[in-house]
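How does the following fold in three dimensions:
(6 chains)
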There are 4 protein chains.
Amino acid sequence: MDRHQVKPAPGRPRSQQAMEAVLTAVHRLLQTTAYKELTMEGIAKAAGVGKPTLYRWWPNIASIVMDVMKQQAHHDIGAPDTGSLESDLLLYIGDTCRSLTQGAGAIMRSLMAEAQFDDGFAQIFRESFISSRRATLIALLQRGAARGELQKDADLELLADLCYGPIWYRLLNGHASLDEAFVQAITAHIIMRG
Amino acid sequence: MDRHQVKPAPGRPRSQQAMEAVLTAVHRLLQTTAYKELTMEGIAKAAGVGKPTLYRWWPNIASIVMDVMKQQAHHDIGAPDTGSLESDLLLYIGDTCRSLTQGAGAIMRSLMAEAQFDDGFAQIFRESFISSRRATLIALLQRGAARGELQKDADLELLADLCYGPIWYRLLNGHASLDEAFVQAITAHIIMRG
Amino acid sequence: MDRHQVKPAPGRPRSQQAMEAVLTAVHRLLQTTAYKELTMEGIAKAAGVGKPTLYRWWPNIASIVMDVMKQQAHHDIGAPDTGSLESDLLLYIGDTCRSLTQGAGAIMRSLMAEAQFDDGFAQIFRESFISSRRATLIALLQRGAARGELQKDADLELLADLCYGPIWYRLLNGHASLDEAFVQAITAHIIMRG
Amino acid sequence: MDRHQVKPAPGRPRSQQAMEAVLTAVHRLLQTTAYKELTMEGIAKAAGVGKPTLYRWWPNIASIVMDVMKQQAHHDIGAPDTGSLESDLLLYIGDTCRSLTQGAGAIMRSLMAEAQFDDGFAQIFRESFISSRRATLIALLQRGAARGELQKDADLELLADLCYGPIWYRLLNGHASLDEAFVQAITAHIIMRG
DNA sequence: TTCTAACCGAGACGGTACGTCCCGTCTTCGC
DNA sequence: GCGAAGACGGGACGTACCGTCTCGGTTAGAA
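Numbering: from 1, shown residues only, chains lettered A, B, ... in the order given. Next comes the predicted model:
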């Protein structure tokens, strides 16, 4: 079989407890503090953890915050499958926008911003958030296309950009809100285009 | 701008020369250095200028860089008026994407990122760049709408988001390029939707 | 004349006030804390001074403490000139031992120890303390020799070692005290040997 | 040392081998590294030994180094007994100075320095090195005194200080070397004084 | 022409956070 | 049940910039 012997690492194993204390502490800090106010020093203090431990697990603040977001966002947004592309989109885009409006937005903006400055983080951020959500959306579109709810030659990648683009643009620029009307307009636009 | 009745200030006036030295120096620095590597201290040194002089003119690095971009981008992108919405869009979106691909992109990403962390800068950034470009685009769409090239009830704000959203999204995420095909796809999409 | 133009350094001059605050603070700290407990961080905090300011003036803790000792020890020990070598030695060695017994001893031990680990500091320490005191002692012996109170061919350098050697040895080892009997014994020994 | 009746230890016995590996490793490290560069971590790594093992045997670096010195210096300096105090002193002081000049000096300086900062170590250091050597010297002087080679009322403790004081003083200060001339001068001085 | 106020460069200031190093302790394994 | 390996909480290190201040020197309009 492929069950190769997992060699247990020598030495004291990493403390899951410490890692969780950090995530909890950062989550708590983010309730009252802006992302930009976070410091490794402050996080270590708040979590009752040594700075080297912090650096042993994460290379920078952005990565910690990303883990916090990952943990809590796991169950936030599912992949609806109602049998109708329009309902699916309304649900999915709606969930996305609601999540961003209700608090996650500020942090996601910060992470996206951080990704502009750090290529290493950018890659992980995109893999962890952007790509997986994009994949979900595209799968959803694909099902719709298979049912004939989109044109045969529809460019699903472009449709995904036409969906997520305006969402991020509004989130980052704040010139308009991610309200229900916006969700409907975007959905209508994609459906009609197909 | 429209400053009239300048009270004749006592004392030595601010040195226009120093300001230009700063902009030049930052422009030069940005050829070889990432935006994130810039420091007020480094800029002052490179420009042969005292730190207080820097702070007298600009509150932070982002503002200096924004001024650099403003200066050179002034004539980059005009507002085409060919009489056809499609040609106008192809030209305008094409110019925009070309500009972003040819070097301005990296810095614009950084400025957009910075705007996520500093509300004061965000406001100026949006006024200086985002809003004016948006206004140009919307004027262009308006002319098209007046000629009947769009539906009567077309939501021009939304169309602008559907145009700029994907551009920024691709710029910030880097998952796809802002090439000619993209320009044509976006243009086609807007035209068809109208 | 030799009065060459003293070019005033550009920039804000160093704050004499900050320097004095540091020396005062360290002096105060040394009342209640062992030399080894001192930290740059603690000194900066106690003096209300930034760490970089500390490093701008001194390369390490030993140098700061040395300056503290220099400041207060300036008038401690004079160079007696009574006309008699024996009285001179009794006074000079007595003053030296009393000074070391009354509190300076612990710190001088620490500085001497530090000098074993840091060549740069060692050089300054020896110039500032050891050599100048040695020079004073040798001058004193020289006067005695000139008066015929020592043998003509007496090796004054060796006599200085025979005087300071036991003092430092007892100070560093603590196996015997630097009391009046010791002062007399050393003095008698040098006189008799001459 | 005098371990009799070794209780058949349950489990894995303590590794005498580990202890020796440490001493060997530290000896090796000291060939290329200054005492001050040694760290518990580095020693553990170099000796292929766990840090807790290190702490189980020694409380600090100084103690380890002291054991290294003890081990190799055991046979360095004997207690001569030629029947003449002068020859005995020339041999004994000469051996001492040669040993210090040939490499042991740097480390002995460091240990003496360390003893200024750590009372616990100071006590052991003095017992292990200073006192035993002093006792040897004093025994040697005593034999001389018994033979009438010193004055009857000679203060042997003081004579020991007059011998070791200058040696340590020169070693720690480096203002003069511990050469043959020095050995002869010190010897002559003690003999003449008696 | 002199005065004087705001400018200029330079750079030190009090701070804060950085990322690293080592401490001495602990926890988990394999021997 | 010892011993290696190494993660842990902790804390000081020396550095880099921050944004402010204090200098001596310059510059140009007002007196």
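
check contacts around residue A:26.
A:38, A:43, A:46, A:47, A:64, A:65, A:68 (Cβ atoms under 8 Å, 6 or more residues apart in numbering or on different chains). From N, CA and C alone the C-beta is placed, and that goes for glycine too.

Name the nearest residue to residue A:106, sequence neighbours excluded.
Nearest non-adjacent residue to residue A:106, counting by Cβ to Cβ, 6 or more residues apart in numbering or on different chains: residue A:35, 7.2 Å away.

Report pLDDT for that neighbour.
According to the prediction, residue A:35 has pLDDT 97.

any idea of the mean pLDDT in the helix or strand hosting residue A:190?
In this assignment (DSSP states H and E), residue A:190 forms part of helix A:180-193. The pLDDT scores in helix A:180-193 average 92.

next one: phi and psi at the spatially most central residue of chain A?
By Cα atoms, centre = their mean, chain A has its centre lying nearest to residue A:129, at 3.6 Å. Backbone torsions of residue A:129, given as degrees, to the nearest 10, read phi -110, psi -60.

Quick check: it vs residue A:25, distance?
As judged by Cβ to Cβ, to the nearest Å, residue A:129 and residue A:25 stand 22 Å apart.

before we move on, back to that, turn the contacts of residue A:26 into CSV, columns for pLDDT.
Below are the contacts of residue A:26 laid out as CSV (pLDDT from 0 to 100):
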residue, pLDDT
A:38, 97
A:43, 96
A:46, 95
A:47, 94
A:64, 96
A:65, 96
A:68, 95
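
Okay, and which of the residues you listed map to helices?
A:43, A:46, A:47, A:64, A:65, A:68 (DSSP state H).

residues near the fifth one, how many?
Using other Cβ atoms under 10 Å in any protein chain shown, the number of residues around residue A:65 comes to 24.

again, but for the first one
Residue A:43 sits with 20 neighbouring residues when counted by other Cβ under 10 Å.

Ok, the third one next?
Look at residue A:47: counted by other Cβ under 10 Å, it has 22 neighbours.

And the second one, by the same measure?
By the criterion of other Cβ under 10 Å, residue A:46 has 17 neighbours.

Helices of chain A, residue ranges please.
Listed in chain order, the helices found in chain A under DSSP H are A:16-32, A:40-47, A:51-57, A:61-73, A:85-99, A:105-115, A:119-125, A:132-146, A:156-173, A:180-193.

Of all these, which one is nearest residue D:125?
Nearest of the helices of chain A to residue D:125, taken as Cβ to Cβ: helix A:51-57 at 32.9 Å.

Next up, phi/psi of residue A:82, please.
Backbone torsions of residue A:82, given as degrees, to the nearest 10, read phi -90, psi -10.

quick one: pLDDT of it?
At residue A:82, pLDDT is 94.

Name the nearest residue to it, ignoring sequence neighbours.
Leaving aside its chain neighbours, residue A:82 sits nearest to residue A:88 (5.5 Å; criterion: Cβ to Cβ, 6+ apart).

Wait, that neighbour touches residue A:78, no?
No: applying Cβ atoms under 8 Å as the test, residue A:88 and residue A:78 come out as separate, 10.7 Å apart.

More neighbours: the two, which one.
Higher neighbour count among residue A:88 and residue A:78: residue A:88, with 22 against 10, using other Cβ under 10 Å.

contacting residues around the residue lying closest to residue A:164 once chain neighbours are set aside?
Once flanking residues are discounted, residue A:164 sits nearest to residue B:169: 5.8 Å by Cβ to Cβ, 6+ apart. Residue B:169 makes contact with A:161, A:164, A:165, A:168, A:169, according to Cβ under 8 Å, 6+ apart.

Columns distance to residue A:187 and pLDDT on top of these, output as CSV?
Converted to CSV, the contacts of residue B:169 look like this (distance: Cβ to Cβ, whole Å; pLDDT from 0 to 100):
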residue, distance to residue A:187, pLDDT
A:161, 15, 97
A:164, 13, 98
A:165, 14, 98
A:168, 17, 98
A:169, 17, 98
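
Looking at those, which one is closest to chain C?
Distance to chain C across the contacts of residue B:169 (Cβ to the nearest Cβ) is lowest for residue A:168, with 41.0 Å.

Any idea how many residues pack against the closest one?
21.

Would you mind measuring from it to chain B?
To chain B, residue A:168 is 5 Å away according to Cβ to the nearest Cβ, to the nearest Å.

Same question for residue A:48.
28 Å.

got the contact list for stretch A:112-128?
By Cβ under 8 Å, 6+ apart, stretch A:112-128 touches A:59-60, A:62-63, A:66, A:70, A:111, A:168, A:172, B:34-36, B:109-110, B:112-117, B:172-175.

Among these, name the buried ones.
Among the contacts of stretch A:112-128, those buried by neighbour count (16 or more other Cβ atoms under 10 Å in any protein chain shown) are A:62-63, A:66, A:111, A:168, A:172, B:35, B:109-110, B:112-117, B:172-174.

Low-confidence ranges, chain A, go.
Across chain A, the ranges flagged by pLDDT under 70 are A:1-14, A:74-76, A:193-194.

Domain parsing of it, as residue ranges.
For chain A, automatic domain parsing gives the domain ranges A:16-57, A:76-193.

Span of the shortest one from start to end?
In other words, domain A:16-57. By Cα to Cα, to the nearest Å, the extent of domain A:16-57 from end to end equals 11 Å.

so, in contact with DNA strand E or not, it?
Yes: residues of domain A:16-57 contacting DNA strand E under Cβ under 7 Å from any atom of the strand: A:39, A:40, A:41, A:42, A:51, A:52, A:55.
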